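*Asks:* here are the coordinates; sequence isn't available:
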């Protein structure tokens with residue numbers, strides 16, 4: 001039997017709801033079978049995009065960056081790269097996906113995305129099997145000495161603890177995808193569809209080269 005995976009990604013609002021919903025259906029080779037990306041009606045444009053009040057102006061999650069990201073999304077809407085979809089339409093797509101592919105659900109930090117989708121009434125609860133791609137990646141890739149050295153060599157490090165000491169290799173989708181594909185991969189854009197399709201699908205396919213579905217479910221538990 002051929003197995004499929006549904007990778008979901010979200011970008012959120014200051015109200016902890018979903019502004020940008022993205023999802024891809026992939027097989028175990030990482031081939032994209034189907035995809036869906038839309039701004040969420042009643043959330044995008046109504047509430048500010050999430051930002052960190054303590055972030056410096058130049059940092060990605062700053063208030064200023066939030067305004068730039070909102071402008072970018074509006075440009076994507078104007079160009080047709082994105083559309084606006086109601087929660088009901090997103091749930092219809094998810095139900096059709098469930099009926100056609102019966103995929104295993106995953107996300108990079110699935111607890112985060114499940115929570116934000118629940119608060120937006122996007123129904124991911126219809127999927128019987130799920131795992132956390134970030135946990136799986138940490139346990140399969142993050143433990144490798146080669147990966148850790150790659151992060152040190154390319155500055156892909158955490159900010160360290162409270163005293164800003166002892167930075168460690170990042171365990172982000174961005175750092176994992178760069179390790180798999182090469183350091184010259186563009187920075188993860190933090191737009192939902194592109195993150196799921198161009199970064200997280202690559203990570204999943206890489207892990208599945210050496211892991212069965214059962215093993216993947218176990219390490220991503």
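*Replies:* The structure has been received and is ready for your questions. Bear in mind the structure is a predicted one, so any value in this text is a computation, not a measurement.
*Asks:* going forward, measure contacts and count neighbours with C-alpha atoms only.
*Replies:* Fine.
*Asks:* can you pull the contacts of residue 73?
*Replies:* Contact analysis of residue 73 by C-alpha atoms under 8 Å, 6 or more residues apart in numbering lists residue 82.
*Asks:* hang on, it is in a strand, isn't it?
*Replies:* No - going by DSSP: H, G, I helix; E, B strand; the rest coil, the assignment for residue 73 is helix, not a strand.
*Asks:* for it, report the pLDDT, please.
*Replies:* pLDDT, residue 73: 98.
*Asks:* helices of the protein, start to end?
*Replies:* 63-79, 87-101, 110-120, 133-137, 145-153, 173-181, 192-195, 201-208, 213-219 (DSSP state H).
*Asks:* dump those helices to JSON lines, plus distance to residue 52.
*Replies:* Converted to JSON lines, those look like this (distance: least, C-alpha to C-alpha, whole Å):
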{"stretch": "helix 63-79", "distance to residue 52": "7"}
{"stretch": "helix 87-101", "distance to residue 52": "26"}
{"stretch": "helix 110-120", "distance to residue 52": "16"}
{"stretch": "helix 133-137", "distance to residue 52": "22"}
{"stretch": "helix 145-153", "distance to residue 52": "25"}
{"stretch": "helix 173-181", "distance to residue 52": "19"}
{"stretch": "helix 192-195", "distance to residue 52": "19"}
{"stretch": "helix 201-208", "distance to residue 52": "27"}
{"stretch": "helix 213-219", "distance to residue 52": "31"}
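*Asks:* out of the ones you listed, which gets nearest to residue 32?
*Replies:* For residue 32, the closest of those is helix 201-208, at 8.2 Å, according to C-alpha to C-alpha.
*Asks:* other SSEs contacting that closest one?
*Replies:* helix 133-137, helix 173-181 (3 or more C-alpha pairs under 8 Å, 6 or more residues apart in numbering; DSSP states H and E).
*Asks:* out of the helices of the chain, which comes closest to residue 167?
*Replies:* Among the helices of the chain, helix 145-153 sits nearest to residue 167 (C-alpha to C-alpha), with 9.3 Å.
*Asks:* what residues does that closest one touch?
*Replies:* 141-142, 157, 169-170, 175, 179.
*Asks:* kindly reformat those residues as TSV containing distance to residue 84, pLDDT and neighbour count.
*Replies:* Output for the contacts of helix 145-153, formatted as TSV (distance: C-alpha to C-alpha, whole Å; pLDDT from 0 to 100; neighbours: other C-alpha atoms under 10 Å):
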residue	distance to residue 84	pLDDT	neighbour count
141	36	98	20
142	36	98	21
157	36	95	18
169	37	96	21
170	33	96	20
175	30	98	25
179	34	98	21
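*Asks:* pick out whichever of the residues you listed sits closest to residue 211.
*Replies:* Nearest to residue 211 among the contacts of helix 145-153, with distances taken as C-alpha to C-alpha, is residue 141, at 11.8 Å.
*Asks:* check contacts around the closest one.
*Replies:* Neighbouring residues of residue 141 by C-alpha under 8 Å, 6+ apart: 147, 176, 207.
*Asks:* list the contacts of the closest residue to residue 54 other than its chain neighbours.
*Replies:* Closest residue to residue 54 apart from its sequence neighbours, by C-alpha to C-alpha, 6 or more residues apart in numbering: residue 62 at 7.5 Å. Going by C-alpha under 8 Å, 6+ apart, residue 62 touches 51-56.
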